[in-house]
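S.K.: need a structure here:
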Amino acid sequence: QVQLVESGGGSAQTGGSLRLSCAASGFSLSTGCMGWFRQAQGKEREEFAHIYYTGATTYAGSVKGRFTVSKDNAKNTLYLQMDSLKPEDTAMYYCAARSCFSPEYTYWGQGTQVTVSS
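M.R.: Coordinates of the predicted model:
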């Protein structure tokens with residue numbers, strides 16, 4: 001059974017930083033692909049960061065240069081370092097996992113709230 005458990009959400013002020021973690025079990029980060037998603041109130045969920053099994057990363061323009069996705073294969077844990085936070089980063093954040101051979105995400109975490117105040 002696959003489980004993804006996020007942690008590290010909370011509140012920050014504009015310009016501050018937060019670090020999210022996503023601990024995986026039953027799914028190997030060394031062979032799979034992982035994404036970070038967020039959904040703000042009243043908006044659609046968006047994928048803004050992705051990391052391949054190789055460690056290669058891609059980012060949406062809205063977070064590029066401010067957010068960094070990384071992983072520790074030994075701990076089977078995904079991370080998201082968020083710097084220079086803005087109020088528009090306020091959302092529920094989710095990690096998700098998929099086979100790198102499939103475009104669809106199969107497994108999802110429960111989400112963690114991030115709130116950025118001005």
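S.K.: count of residues packed around the nearest residue to residue 104 once chain neighbours are set aside?
M.R.: Ranked by C-beta to C-beta, 6 or more residues apart in numbering and with sequence neighbours excluded, the top spatial neighbour of residue 104 is residue 98, at 6.2 Å. Every residue, glycine included, has its C-beta placed from N, CA and C. If you count neighbours by other C-beta atoms under 10 Å, residue 98 ends up with 17.
S.K.: same question, residue 13
M.R.: 11.
S.K.: Name the nearest residue to it, ignoring sequence neighbours.
M.R.: Here the residue nearest residue 13, using C-beta to C-beta, 6+ apart, is residue 117, at 5.7 Å.
S.K.: any idea how far residue 10 is from residue 95?
M.R.: 16 Å (C-beta to C-beta, to the nearest Å).
S.K.: for the residue nearest the centre of the chain, what are its contacts?
M.R.: Nearest to the geometric centre of the chain sits residue 36, at 2.9 Å (C-alpha atoms, centre = their mean). Residues in contact with residue 36 (C-beta atoms under 8 Å, 6 or more residues apart in numbering) are 20, 22, 47-50, 67, 69, 78, 80, 93-96.
S.K.: quick one: which of residue 95 and residue 10 has more around it?
M.R.: With neighbours defined as other C-beta under 10 Å, residue 95 and residue 10 compare such that residue 95 has more, 29 against 11.
S.K.: Residue 34 is in contact with the more buried one, correct?
M.R.: Yes. Using C-beta atoms under 8 Å, residue 95 is in contact with residue 34, at 6.4 Å.
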